[in-house]
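Participant: A predicted structure for the sequence below; I have some questions about it.
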Amino acid sequence: MKKSNKLKIGIVGANGYAGAEVLRLISAHPDCTLVVATSRANEGKRVCDVFPALPCPLVFSGMKDPLLKTCDAVFVALPQTAGASLVGELIDCGVRVIDLSADYRFDDTELYNGVYGVTHPRPDLNKLAVYGLCETARDKIRAAKLVANPGCYVTSVLLPMLPLCRAGLASNIIADSKSGVSGAGRKSDENYSYCNLDENFKAYGLFTHRHAPEISEKLGKEVLFTPHLLPVKRGILSTVYFTTPDPDAALEVLRGAYKSEPFVSYTDALPEIGHVAHTNRCMFSARFSGNRGIVISVIDNLLKGAAGQAVQNMNIMFGLDETAGLPQYSPI
């Protein structure tokens with residue numbers, strides 16, 4: 001029997017929204033074989049019984065499944081600190097890890113401790129981690145043993161604003177972001193019930209949202225960030241206000257920053273969530289009045305903001321076609 005050259009993939013926490021999206025993408029990926037998927041809530045059940053849309057007979061297992069340590073790569077989609085010891089064990093066994101939690105996103109572990117109210121579980125591993133904003137760190141991602149997948153709000157802001165900040169063309173940054181309810185995760189909470197969300201729109205986490213320090217650290221500038229909850233399933237629209245010393249240069253930077261990228265693009269028309277929903281794309285546009293600038297950026301929070309970017313990171317890590325297994329076009 002001919003040996004398969006496909007990557008052996010494991011997913012830890014495959015029941016949450018992000019983990020389930022990784023499960024869906026990997027199940028259809030041309031270069032991967034899903035060998036293990038864990039779920040505390042669904043251990044012992046078949047994937048196809050929990051998610052009937054996926055014709056996958058694999059049975060959900062627990063986090064101690066020894067098959068995880070035989071994988072080429074494992075996606076860890078667990079809450080902060082919950083997967084830290086497992087990540088270390090996997091790396092010790094030569095498994096490459098893409099972590100979707102915030103455990104390894106911060107360069108400064110003390111900042112992480114303050115933001116999440118914990119003591120960093122593995123500061124030694126944090127030194128190994130590469131921040132996986134794909135379009136900005138490919139060389140590091142290719143060699144990485146551990147990739148920290150960026151936050152969803154963060155991705156929507158960083159992609160357009162990093163080129164501006166690196167060019168010294170943006171300051172006084174205010175990010176006003178709106179997310180679909182799947183960004184809150186799969187949980188039972190009255191605040192996220194249909195009756196609370198339908199025909200409603202609200203801000204939350206003023207001055208306290210955990211993505212604000214992540215955005216500021218990566219941009220190297222203090223950012224005032226306010227998130228809002230939209231009555232839609234998925235998608236993020238970020239409106240970013242800033243001042244610039246040279247609007248013409250700023251527009252040139254934005255138009256040219258991602259010209260060769262398959263998933264990130266500048267558009268003259270103002271982008272909408274519907275343009276990128278169910279894809280791994282980020283679209284953004286900008287307008288200027290004097291030295292004031294406004295960027296509108298849109299992503300799907302579960303794909304480019306989570307599972308899609310995680311799979312894109314895996315593709316880079318293993319030298320695969322970066323677009324493999326990833327949707328580029330939104331349903332019409």
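Facilitator: Received, thanks.
Participant: which stretches of the stretch 151-300 of the chain have low pLDDT?
Facilitator: Within the stretch 151-300 of the chain, the segments meeting pLDDT under 70 span 186-188.
Participant: distance of the nearest residue in space to Thr109 that is not next to it in sequence from Thr226?
Facilitator: Nearest residue to Thr109, sequence neighbours excluded (CB to CB, 6 or more residues apart in numbering): His120, at 4.2 Å. (Each C-beta comes from the backbone N, C-alpha and C, glycine too.) Look at His120 and Thr226: by CB to CB, to the nearest Å, they are 27 Å apart.
Participant: so which of those two has more stuff around it?
Facilitator: Set His120 next to Thr226 and count neighbours by other CB atoms under 10 Å: His120 wins out with 21 against 16.
Participant: got the contact list for the residue nearest to Thr109?
Facilitator: 103, 109, 112-113, 126 (CB atoms under 8 Å, 6 or more residues apart in numbering).
Participant: what do you get if the cut-off is 7 Å, keeping everything else the same?
Facilitator: Shown in contact with His120 (CB atoms under 7 Å, 6 or more residues apart in numbering): 109, 112-113, 126.
Participant: most surrounded residue in those?
Facilitator: Of all these, the highest neighbour tally under other CB under 10 Å goes to Tyr112, namely 26 neighbours.
Participant: make sure I have this right: it is in a helix.
Facilitator: Yes. Assessed by DSSP: H, G, I helix; E, B strand; the rest coil, Tyr112 belongs to a helix.
Participant: any idea how far Phe284 is from it?
Facilitator: From Tyr112 to Phe284 the distance is 28 Å (CB to CB).
Participant: can you pull out the strands in the stretch 151-300 of the chain?
Facilitator: 171-179, 202-203, 223-229, 236-243, 264-266, 282-289, 292-299 (DSSP state E, counting those that start in this stretch).
Participant: strand partners of the last one, parallel vs antiparallel please.
Facilitator: I take that to be strand 292-299. Counting by DSSP bridges, the strands paired with strand 292-299 are strand 236-243 (antiparallel), strand 282-289 (antiparallel).
Participant: for the fifth one, same thing?
Facilitator: Using DSSP bridges, strand 264-266 pairs in its sheet with strand 282-289 (parallel).
Participant: off-centre distance for the partner strand?
Facilitator: Between the centre of strand 282-289 and the centre of its chain there are 21 Å (CA atoms, centre = their mean, to the nearest Å).
Participant: got it, and stretch 279-292?
Facilitator: Worked out by CA atoms, centre = their mean, stretch 279-292 lies 20 Å from the chain centre.
Participant: mind giving me the packing neighbours of the longest helix along the chain?
Facilitator: For the chain, the helix with the greatest residue count under DSSP state H is helix 152-166. Under the contact definition 3 or more CB pairs under 7 Å, 6 or more residues apart in numbering; DSSP states H and E, helix 152-166 sits against strand 171-179, helix 211-219, strand 236-243, helix 247-256, strand 282-289, strand 292-299.
Participant: would CSV of these with distance to Thr70 and mean neighbour count be doable?
Facilitator: Shown next, in CSV, are those (distance: least, CB to CB, whole Å; neighbours: other CB atoms under 10 Å):
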stretch, distance to Thr70, mean neighbour count
strand 171-179, 36, 20
helix 211-219, 33, 22
strand 236-243, 36, 21
helix 247-256, 44, 16
strand 282-289, 34, 19
strand 292-299, 33, 23
